[in-house]
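>>> can't give you the sequence, but here's the structure:
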């Protein structure tokens with residue numbers, strides 16, 4: 001999405017992006033439509049604090065490469081956010097909120113990392129041993 005000089009709008013979103021899936025792609029696509037786009041990927045420690053001890057399922061390097069491989073992302077940063085609560089409630093975005101530039105993007109897809117993990121768990125017992 002090339003822009004003329006003085007028209008650059010940079011947007012940033014952040015997330016764990018564990019088990020990168022279609023819901024992540026939709027959120028990144030929606031963010032990209034707002035302007036030039038950078039995505040922050042939470043550290044393993046941050047994801048674990050937010051989601052629980054068994055997460056992330058993919059380590060930071062794998063998750064970062066997944067985000068960078070998405071056609072809608074221009075750049076990716078490592079993001080460490082303190083004081084996170086489950087599923088993002090409690091995050092502080094005081095500066096962008098005070099500037100009137102904060103946006104919340106929801107995925108139109110009915111898929112989450114939790115739903116993917118639950119499907120894997122539910123199907124684990126029915127999969128043949130050699131396929132796992």
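All right, it came through fine. Everything numeric here is computed off the predicted structure, so don't read it as measured data.
>>> and residue 19, how many neighbours?
22 (other C-beta atoms under 10 Å). (Each C-beta comes from the backbone N, C-alpha and C, glycine too.)
>>> contacts only, for it.
Counting by C-beta atoms under 8 Å, 6 or more residues apart in numbering, residue 19 touches 57-58, 113, 116-117.
>>> run the last query once more with 6 Å
Shown in contact with residue 19 (C-beta atoms under 6 Å, 6 or more residues apart in numbering): 57, 113, 116.
>>> quick check, pLDDT for the first one.
According to the prediction, residue 57 has pLDDT 92.
>>> returning to what we had before: inside helices: which ones of the contacts of residue 19?
The helices, defined by DSSP state H, take in 113, 116 from the contacts of residue 19.
>>> which among the contacts of residue 19 gets closest to residue 63?
Proximity of the contacts of residue 19 to residue 63 (C-beta to C-beta) peaks at residue 57, which lies at 9.3 Å.
>>> just give the number of residues close to that closest one.
Residue 57: 16 surrounding residues under other C-beta under 10 Å.
>>> phi, psi of it?
Here is the backbone geometry of residue 57 (degrees, to the nearest 10): phi -80, psi -30.
>>> how much space is there between it and residue 112?
Relative to residue 112, residue 57 is positioned 13 Å away (C-beta to C-beta, to the nearest Å).
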